[in-house]
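just a sequence and a predicted model for now, questions to come.
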Amino acid sequence: MSQIELPKAYNPADFEDRLYQFWLDNDLFSPRGEGEPFVVAIPPPNVTGVLHMGHGLNNSLQDALVRYWRMKGRPTLWVPGTDHAGIATQQVVENQLRKEGKSRYDLGRKAFVERTWKVKEDHHAIISQQLKKIGASLDWKRERFTMDEGLNHAVRHVFVTLYERGLIYKGRYLVNWDPEAQTAISDDEVEYKEVQGALYHIRYPFADGSGFVQLATTRPETLLGDVAVAVHPTDERYAGLVGKLLKLPVADREIPLLADGFVDKEFGTGAVKITPAHDPNDFEAGRRHNLAQINILNPDGTLGPNVPERYMGLTTKAAREKIVAELTELGLFVEAVPHKHQVGHAQRSGAVVEPYLSEQWFVRMKPLAEKAMEALRTDQIRFYPKRYESTYTTWMEGIRDWCISRQLWWGHQIPVWTCDDCGQVHVKMEAPTACEKCGKTALTQDPDVLDTWFSSWLWPFSTLGWPEATPDLAKYYPTTAVVTAYDIIFFWVARMVMAGMEFTGKAPFRDIYMTPLVRDAKGRKMSKSLGNGIDPLEVVAEYGADALKFTMVYLSSQGQDINLDKEGFKLGSKFANKIWNASRYLLMNIPTEGILPPEQLSKNGVDLWIEGRLNAAIRAVDTAMLAYKYNDMGHTVYEFFWNDFCDWYVEATKLELYADDPKRRQQAASKLVHLLEESLRLMHPFLSFITEEIYQKLPGHAFSLVTAPYPVAMTERDHPEAEAAFGALQDLVGGIRRVRSEFAIDPAKDIEVIVSLEKDYAHAAFLNQNRALVAQFAGSERLGFAAGAPKPDGTVTVVGKGYETWVLVRDVIDLPKELDKLAKTLTKTKQYVQSVENKLSNQAFVNSAPADIVEGERKKLSEAQDSIRRLMAYQKELQG
RNA sequence: GGGCGAUUAACUCAGUGGUUAGAGUGCUACCUUCACACGGUAGAAGUCCCAAGUUCGAAUCUUGGAUCGCUCACCA
């Protein structure tokens, strides 16, 4: 009887790409309408990276969010874009060159940067294609790149502005040096890992030959840069010795023994060597005591200037061995005690970070941090989950200046020009044509580039055109939410707030949702080296983009990481399959007479029940959405569609749908189609493709679900009495089914069931009206209702609330088993009654608890007592 | 060392003061009934980490402890 058909199997690959193209062709991801906009700027993925499961999660959650608000009618904008990822991208190209036997210096800066742009273009196609594959409803017309012209303008503007405000300075400091990438990195880019090393005990003899001082170090090779040895001023072991000169072995220099409060008397021997150029503590100590800074490292991490000839060019490892050997020969090496300690590694290259003295640019962070903390205090930003507030605050309070210069070629070159002749420094938006001081025209731009995050921190407003006063900026800034993993809170989130407050006077977004991290099934971080990552595109290929998104939504609770293997995505794909098949069934049964409009539908109790359930589901999604409780959204639509709609409502309507009367068939089909249509709208943010595919086959559908209105909860669709009545029906059916199952009655066998209703039972009328329905669910055509009828022989009894169900099982009753089961139920119920009675006889409870709770307990007690009465009667009957 | 989080069914996890604590997966039994075996029906399965406290009432709040994890931190 149907004109519309869905293919038999749910095969997402058949329609996902087509629908995405349809959405793009019709520009459905552009903000439209009036009112308060909803804006999200995508956390820009590394342009040379590939989409990993973190992106899969993160973009799934953003997509659900923006699709919901778009359907709610707010002008909704999700801004796409990618990040130039300085070190990572430069490394990609340098690795290519290495395979060709070349280095970046063979190409020169200009050619190298040009080549990197080409690599960027190639990779860019890949990453955007991947985002399209997973269905991300991004407004591609507004796509940005952290190094495009506009963002470069914004970056230069920010640099100059901060410089003019005195918030950027240049200086020679000890920075974290990545010897592999040969650049400085910021404190945040250093990851500390526990390493099994050794504590080397060494003796430094006094210059006058009067003995020695023994000290301990984890890095004996830095001996070559030592300028002093320090002890604590109150350390009695060294009393009277402070001020004497020591003879630094190997390097053959004389260095003083001095006193400084920073030394820990308890650690080692209480004496520490001072190497200002290669240790942060020593750097500070060196400044306090006006000591020299002896740099002993080349930029590549080998031993360089200021070391004896025989050490030149050695790696630190080789130098360490050589030093120990030489000290041993001199009789100054005591022992190496195994020692675990934290060693800094560069986040990108993995190389061991060297504290390294060099001239770098820094941002003064304190003033920025204060404004960023103000944003939180004044509730301009809100963290979900809330506990990340303290992570944010703690970081802000302990903020240190940010080293922003990188000795790379790929990135925003620092807009600072120095006069070749007089050395005058110009910090400008554009290259000056002549020196402002001496008028000479030969100026050289600072060769360094800026940290990648120096462009990322402007992302929410620079992508909208800032610093120009563009219409987009006026309309869509500040943005509404940022959705990103919590491991990026310092790098990006916190700094965006700082930049937003400093440059726009506004927090760049209101809501900060920190996503969980996706881990493997064993809870380990997904990583290339472990090979335990899941490729989101493989998931899409195997299960579909909807399975990916729905599974991510369903599993994302607040602050709990997700442990998952690929099999886990079956959750989403099974649900999508269910939606597909239920829809296929409904579409198959659309009557030739067509679908009636809502106002011509006559609703029965079952219809009212499902309406109430739908209403509750809509409310639950709305509430969860405002609180970013994704798992609640997922569970809500899953349970509504599968448990309520499919398992009960669709089954319940089969009687009508197969009725002889065409009018009844049309009524039932019409109601089903309207409910399906609304369910599809309800689920579209979470399963976008399948819902759209089915929606577009529905009679009278609108243009697209993307822009269809989200369902709205309406009080006139709340029907508590219908819900209670249908609940009673479900209980009744459950009881009969249980008996069937327990007595292993063939599901196909029609059995006799008598439901003995108590007088005044509230749902008696409803059950009577729906006799055929109960009979169908229970698989008993002969089911009948009776009041006061005598109980036939050969039945088992199911005790319900307000009725008894007698199921005729005749000779199959296993009496001992039935009695045993009954005794168990009875015991359990009696225990329960006892606990409620205790509660109610407790005056304190009756007096203190709210009236409705007490009332509820009373009701439960009387119901349970009622059950006990029936159970005991039944027991007596079985025994007799 | 500081801070944060986790500990609930075999597994992965929901559940922040009020039914006899839930879901998905897995497991058991039955069902190839004409939307779906990626299905249906039913079932088994839990000292809510431990201890003390607050409360009429605690998985939920407080304190202490245990175990695991994350994060920050200059013990050479």
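Good, I have the coordinates.

any idea how far the residue nearest to the spatial centre of chain A is from residue A:60?
Nearest to the geometric centre of chain A sits residue A:515, at 2.0 Å (C-alpha atoms, centre = their mean). Distance, residue A:515 to residue A:60, using C-beta to C-beta, to the nearest Å: 9 Å. In short, each C-beta sits where N, CA and C put it, glycine included.

swap in residue A:290?
Taken as C-beta to C-beta, the span from residue A:290 to residue A:60 is 58 Å.

if you count what's nearby, which of those two comes out ahead?
residue A:60 (28 against 6; other C-beta atoms under 10 Å).

check contacts around that one.
Residue A:60 makes contact with A:134, A:548, A:549, A:552, A:553, according to C-beta atoms under 8 Å, 6 or more residues apart in numbering.

can you check residue A:421 too?
Neighbour list for residue A:421: A:435, A:438, A:440, A:442 [criterion: C-beta under 8 Å, 6+ apart].

does it belong to a helix, a strand or coil?
Secondary structure, DSSP: H, G, I helix; E, B strand; the rest coil: residue A:421 is coil.

how near is it to residue A:604?
94 Å.

coming back round to it: buried ones among the contacts of residue A:60?
A:134, A:548, A:549, A:552, A:553 (16 or more other C-beta atoms under 10 Å).

pLDDT score for the first one?
Same thing as residue A:134. Residue A:134 is assigned 95 on the pLDDT scale.

wait, what's in contact with the closest residue in space to it that isn't next to it in sequence?
Leaving aside its chain neighbours, residue A:134 sits nearest to residue A:545 (5.0 Å; criterion: C-beta to C-beta, 6 or more residues apart in numbering). By C-beta under 8 Å, 6+ apart, the residues touching residue A:545 are A:12, A:16, A:133, A:134, A:135, A:688, A:689.

and the residues you listed, which is closest to residue A:728?
For the contacts of residue A:545, the closest approach to residue A:728 (C-beta to C-beta) belongs to residue A:688, at 37.6 Å.

what's the distance between the residue lying closest to the closest one once chain neighbours are set aside and RNA strand B?
Once flanking residues are discounted, residue A:688 sits nearest to residue A:135: 5.2 Å by C-beta to C-beta, 6+ apart. Residue A:135 is 18 Å from RNA strand B, where distance means C-beta to the nearest atom of the strand, to the nearest Å.

ok, now residue A:166?
Using C-beta to the nearest atom of the strand, we find residue A:166 at a distance of 24 Å from RNA strand B.

was I right about that residue contacting residue A:364?
Yes: under the criterion of C-beta atoms under 8 Å, residue A:166 is in contact with residue A:364, at a separation of 7.3 Å.

spit out the contact partners of whichever residue of the stretch 301-450 of chain A sits closest to RNA strand B.
In the stretch 301-450 of chain A, no residue comes nearer to RNA strand B than residue A:341, which is 3.6 Å away by C-beta to the nearest atom of the strand. Residues near residue A:341 by C-beta under 8 Å, 6+ apart: A:194, A:195, A:197, A:218.

and the pLDDT at the second one?
In the prediction, the pLDDT value recorded for residue A:195 is 83.

on the three-state scheme, it is what?
The assignment at residue A:195 comes out as strand when based on three-state DSSP.

more neighbours: residue A:166 and residue A:364, which one.
Neighbours per residue, other C-beta under 10 Å: of residue A:166 and residue A:364, the larger number sits with residue A:364, 16 against 9.

give me the average confidence score over the longest helix belonging to chain A.
When chain A is parsed with DSSP state H, its longest helix is helix A:851-879. Helix A:851-879 shows a mean pLDDT of 86.

can you list the buried residues in it?
Within helix A:851-879, the residues scored as buried using 16+ other C-beta under 10 Å are A:854, A:857, A:861, A:864, A:867, A:868, A:870, A:871, A:874, A:875.

show me which of those neighbour RNA strand B.
residue A:864 (C-beta under 7 Å from any atom of the strand).

quick one: which of the buried residues of helix A:851-879 is nearest to RNA strand B?
Using C-beta to the nearest atom of the strand, those come closest to RNA strand B at residue A:864, 5.1 Å.

list the residues that contact the closest residue to that closest one other than its chain neighbours.
Spatially, and ignoring its direct neighbours in sequence, residue A:864 is nearest to residue A:833 (4.8 Å; C-beta to C-beta, 6+ apart). Shown in contact with residue A:833 (C-beta under 8 Å, 6+ apart): A:861, A:864, A:865, A:868.

verify the stated contact: the second one with residue A:832.
Yes: with contacts counted by C-beta under 8 Å, residue A:864 reaches residue A:832, the gap being 5.7 Å.

now the helix or strand where the residue of the stretch 301-450 of chain A closest to RNA strand B lies: buried residues?
Secondary structure from DSSP states H and E places residue A:341 in strand A:333-346. When burial is assessed from 16+ other C-beta under 10 Å, strand A:333-346 yields the following buried residues: A:333, A:334, A:336, A:343, A:344, A:345, A:346.

and the residue nearest to residue A:864, backbone torsions?
Taking degrees, to the nearest 10, you get phi -60, psi -40 for the backbone angles of residue A:833.

got it, and the one 3 residues further on?
The main-chain torsion angles of residue A:836 are listed as degrees, to the nearest 10 and equal phi -70, psi -40.

which pLDDT value belongs to it?
Per-residue confidence (pLDDT) for residue A:836: 87.

quick one: contacts of stretch A:68-78?
Stretch A:68-78 has contacts (C-beta under 8 Å, 6+ apart) with A:29-42, A:62-63, A:66, A:136-139, A:142, A:475-476, A:621, A:625, A:681, A:684-685, A:705-710.
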